[in-house]
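[1] What shape does this take:
(chains A and B)
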Amino acid sequence: MSIPVLEGRDLRVVYGRQEVLNVPQVDVREGEVLAIIGSNGAGKSTLLRVLGLLEATTAGTVLYRGHPVSPSGRQGLTIRRRFASVFQEPLLCDTTVRVNAALGLRLRGRPTTEVDAGVRLWLDRLRIAHLADRRAHTLSGGEAQRTSLARAFAIEPEVLLLDEPFAALDPPTRAEFLSLLQDLLRQAGCTTIFVTHDREEALQLADRIVVIIDGRVRQVGRPAEVFGRPATEEVARFVGVETILDGQVADDHDGLLSVAVNGTKIEALGKARVGEHVLVCLRPEDLVIRLRGDRGAQESARNRLDGVVQDATRLEAQYRVQIACGPQMVALVTKQSFEEMGLTPGTRVVVTFKASAVHLIRR
Amino acid sequence: MELIWQGVVEAIRLLLTGDPGVLAITWLSIQVSGGATLLSLLAGIPAGVALALTRFPSRGLLIALVNTGMGLPPVVVGLFVSIFLWRSGPLGLWELLYTPTAIVIAQFVIAVPIVTGLTIAAMQQLNPRLRLQLLALGASRWQMLWLLMREARLPLLAAVMAGFGGVISEVGASMMVGGNLLGQTRVLTTATVLETGKGNFDVAIALSLILLALVFGVNYLLTWVQQRGRAA
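    You can find the predicted model right below:
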């Protein structure tokens, strides 16, 4: 395998007495979008700053293309100048959009013609060319963040560091921004480290995901792997698995496992020994609910449990429904079927799901 | 009322005829206070930036001392500078007492804490994350400091104005270390005190008007620089 653009080895960051980061190994590969996800305060921004040579570690080494580098001194500056960053706040200087967008290039002492050309190109690509002479403090949040992105892209960085760039934007602006960024990253093809607490953003942008919880890396993998096959209970919760049940493998028919959970049997595809304790994980979107007595849908599903609706909460286009079927489960139901079935607390329902939808975490 | 009116008329006459005595006093005031302000900027801005952006033990105490210094009474400064420059004092050999240099030293001591204190405040009102962003954009240490100071240019220019305003209007220290010697160390403020004491209100008013015009002119210039390109 080729040498990673950036690699961290035995990274430790301690503030006072608190260890905020402890990462034995992490790498960033050429051309990929690596998302670092985790809840607030998990240490993901710290990891970004460490890999971006913006913060010194208490211990450990950062390697740039195989060579150990440190944030301080001439060498740190030289390597750092191959990177560009966009943070949650746009952090623009009190001057025009044009001058802000040019800042990175000017700091590198590039000739004026090159600076002008770069600025023109990226203001255009970020669709803010008409704002070039506006002063930064008169911009809206979205416009300011576009300026910040133009400033970063204009450098044509080898590595782009993004730290929650959408977190401060309102939902429509954010959606627009996300697809714009996706296009730009595809065009530019630059290696990107993208920190977010929003799993949707990670799913949409990332080639690989690092899940970090309490300063430690809990899982690294492709989005489908991390979201479908979380390695630990904490990761499962973070990536949106809402039903996590204690169980014990009762039977194994060529990989089709039967797991005893709180008095019921759940069939699952997976690897575990008979008698082994496991966590049964189910994503809410994989559960199908219908009224008891109805026929039809999901007859192929291996698992079929009788239950009673406990509670329902309205989300944007769906309802999140809690059902007691021996174990407690959480399902997502579209607004339409929720209303058609007339679900209320107490409604008797059947919950079905495929054996392949069940993910087992061995304990 | 008659007295004030006569004073104003005489003042305008003195100004229009370009009275050599008045011109010399004005020029000396500009040189002394301008020089003291410049020196205080050279010392106070770097000190203020350093105190604002670095962390070290006893930093809080130092900032508290600087802030106290901002209210330093000029007569106290005059007293201590006099003692230091006194013929038998520690710096007596330099024979600086009752020279314009002595006034510059005293005014420098008055202005430095003002400039330093306001520089600290100017730098600390910047978003602390801006430093990280500039670093991340590839700024070297000096580029970062320059950009941060440019970001804080409004309050930094206010620091310059406050420093100059503090020394040009000061009288106690100039009187004590300069001695108010005609043609040598007589500045606008000390001359005004003298002429008022002698009952020469017309001359005193003329000197006051010049002093006011000077303060206004300098601050107008600095305000113009400060507010340039800041249309609401």
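[2] For chain A, give me its nearest residue in chain B.
    B:Ala136 (3.6 Å; Cβ to the nearest Cβ). Using the backbone N, CA and C atoms, a C-beta is placed for each residue, glycine as well.
[3] ok, that residue - contacts?
    A:52, A:54, A:80, A:83-85, A:87, A:161 (Cβ atoms under 8 Å, 6 or more residues apart in numbering or on different chains).
[4] Taking those together, which two end up most distant?
    Spatial extent of those (Cβ to Cβ) is set by the pair A:Arg80 and A:Phe87 at 14.9 Å.
[5] Show me the contact partners of the worst-scoring helix or strand of chain B on mean pLDDT.
    Across the helices and strands of chain B, mean pLDDT, DSSP states H and E gives its lowest value to helix B:2-17, namely a mean of 82. Here helix B:2-17 makes contact (Cβ under 8 Å, 6+ apart) with B:22, B:201-206, B:209-210.
[6] Neighbour count, distance to B:Leu96 and pLDDT added to these, as a markdown table?
    Shown next, in a markdown table, are those (neighbours: other Cβ atoms under 10 Å in any protein chain shown; distance: Cβ to Cβ, whole Å; pLDDT from 0 to 100):
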| residue | neighbour count | distance to B:Leu96 | pLDDT |
| --- | --- | --- | --- |
| B:Val22 | 19 | 26 | 87 |
| B:Phe201 | 18 | 34 | 85 |
| B:Asp202 | 20 | 34 | 83 |
| B:Val203 | 22 | 29 | 87 |
| B:Ala204 | 21 | 29 | 90 |
| B:Ile205 | 24 | 32 | 88 |
| B:Ala206 | 24 | 30 | 87 |
| B:Leu209 | 16 | 31 | 89 |
| B:Ile210 | 21 | 27 | 90 |
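[7] which residue sits closest to B:Leu134 in space, ignoring its chain neighbours?
    Among residues not flanking B:Leu134 along the chain, B:Met144 sits closest, at 4.7 Å (Cβ to Cβ, 6 or more residues apart in numbering or on different chains).
[8] hang on, that neighbour packs against B:Leu137?
    No: using Cβ atoms under 8 Å, B:Met144 makes no contact with B:Leu137, being 9.2 Å away.
[9] Between those two, point out the one with more neighbours.
    Neighbour totals were compared for B:Met144 and B:Leu137, and B:Leu137 leads with 26 against 20 (other Cβ atoms under 10 Å in any protein chain shown).
[10] Could you give the backbone dihedrals for that one?
    phi -80, psi 0 (degrees, to the nearest 10).
[11] Can you list phi and psi of the nearest residue to it once chain neighbours are set aside for me?
    Among residues not flanking B:Leu137 along the chain, A:Gly104 sits closest, at 4.7 Å (Cβ to Cβ, 6+ apart). Phi and psi for A:Gly104, reported as degrees, to the nearest 10, are phi -60, psi -40.
[12] Can you pull the residues of chain B lying near chain A?
    Within chain B, the positions lying close to chain A (Cβ under 8 Å from any Cβ of the partner chain) are B:127, B:129-130, B:132-133, B:135-140, B:143, B:147, B:150-151, B:229.
[13] Please, a PyMOL command that selects the buried ones among the residues you listed?
    Restricted to buried positions by 16 or more other Cβ atoms under 10 Å in any protein chain shown, the PyMOL selection for those reads:
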select buried, chain B and resi 130+132+133+135+136+137+138+139+143+147+151
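[14] For chain B, which segments count as helices?
    Taking DSSP state H, the helices of chain B run over residues B:2-17, B:20-53, B:59-69, B:74-85, B:100-124, B:129-136, B:141-151, B:153-168, B:172-178, B:188-197, B:201-227.
[15] Up against chain B, what does the stretch 1-150 of chain A have?
    A:49, A:52, A:54, A:77, A:80-81, A:83-85, A:87, A:89, A:91, A:93-94, A:103-104, A:107-108, A:135.
[16] which among the residues you listed end up buried?
    A:49, A:52, A:54, A:77, A:80-81, A:83-85, A:87, A:89, A:91, A:93-94, A:103-104, A:107-108, A:135.
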